[in-house]
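Novice: just need the structure, nothing else, for what follows:
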Amino acid sequence: MEVKNYNNLLVEIEDGIAVITINRPKSLNALNSETLAELGDIAAAIEKAKDVKVVILTGSGQKSFVAGADISEMVNATPMEGRAMALLAAETFKKFEKIDAVSQPLTDMRWAAVVRFPCAVISVSRPKMQNLHSRK
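Specialist: I've put the predicted structure just below:
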């Protein structure tokens, strides 16, 4: 899978494991519209990729995984702009939910584990989890 360059994300894919790092440490990785669009883009790409078995979503910096919505972007938004941002966030997270739902057969059981703090493991197949444990 070829990975694009993003302004707010660092993406590494190796041995079937995708590590997506939200890279906005000065704002505690707060989610602005650009970051949400980038997350949606990489989620859609991973959903189509057959070689990615694990997705780890993490944040850069020492203080926060994700602080939440970027309030500085929302402060001057109209109600309609605020609604559009909320819908973008919902659509983005649904794309991540679809990764687990469609990329692997239903007979492939899913396990989850926290690999390092702060992070979230989106999808882990049983063989890949066993491989991760054997690396210790």
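Novice: what helix or strand is the spatially most central residue of the chain located in?
Specialist: Note on the chain: the residue nearest the mean C-alpha position is Leu57, at 4.3 Å, using C-alpha atoms, centre = their mean. Element membership for Leu57, per DSSP states H and E: strand 54-59.
Novice: and if you look at Lys95?
Specialist: Per DSSP H and E: Lys95 is located in helix 79-102.
Novice: CA atoms of that helix as PDB?
Specialist: These are the backbone C-alpha positions of helix 79-102, laid out as PDB (Å, rounded to 0.1, in the frame of the first residue of the first chain):
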ATOM      1  CA  PRO A  79     -24.000  26.900  13.600                       C
ATOM      2  CA  MET A  80     -24.000  25.300  10.100                       C
ATOM      3  CA  GLU A  81     -20.200  25.200  10.000                       C
ATOM      4  CA  GLY A  82     -20.100  23.600  13.400                       C
ATOM      5  CA  ARG A  83     -22.600  21.000  12.200                       C
ATOM      6  CA  ALA A  84     -20.500  20.300   9.100                       C
ATOM      7  CA  MET A  85     -17.400  19.700  11.400                       C
ATOM      8  CA  ALA A  86     -19.400  17.400  13.600                       C
ATOM      9  CA  LEU A  87     -20.600  15.400  10.500                       C
ATOM     10  CA  LEU A  88     -17.100  15.200   9.200                       C
ATOM     11  CA  ALA A  89     -15.900  13.800  12.500                       C
ATOM     12  CA  ALA A  90     -18.800  11.200  12.500                       C
ATOM     13  CA  GLU A  91     -18.000  10.200   8.900                       C
ATOM     14  CA  THR A  92     -14.300   9.800   9.700                       C
ATOM     15  CA  PHE A  93     -14.900   7.500  12.700                       C
ATOM     16  CA  LYS A  94     -17.400   5.400  10.700                       C
ATOM     17  CA  LYS A  95     -14.600   4.800   8.200                       C
ATOM     18  CA  PHE A  96     -12.400   3.400  10.900                       C
ATOM     19  CA  GLU A  97     -15.300   1.200  12.100                       C
ATOM     20  CA  LYS A  98     -15.700  -0.200   8.600                       C
ATOM     21  CA  ILE A  99     -12.000  -1.300   8.500                       C
ATOM     22  CA  ASP A 100     -12.700  -4.200  10.900                       C
ATOM     23  CA  ALA A 101     -16.200  -4.900   9.500                       C
ATOM     24  CA  VAL A 102     -15.200  -5.500   5.900                       C
END
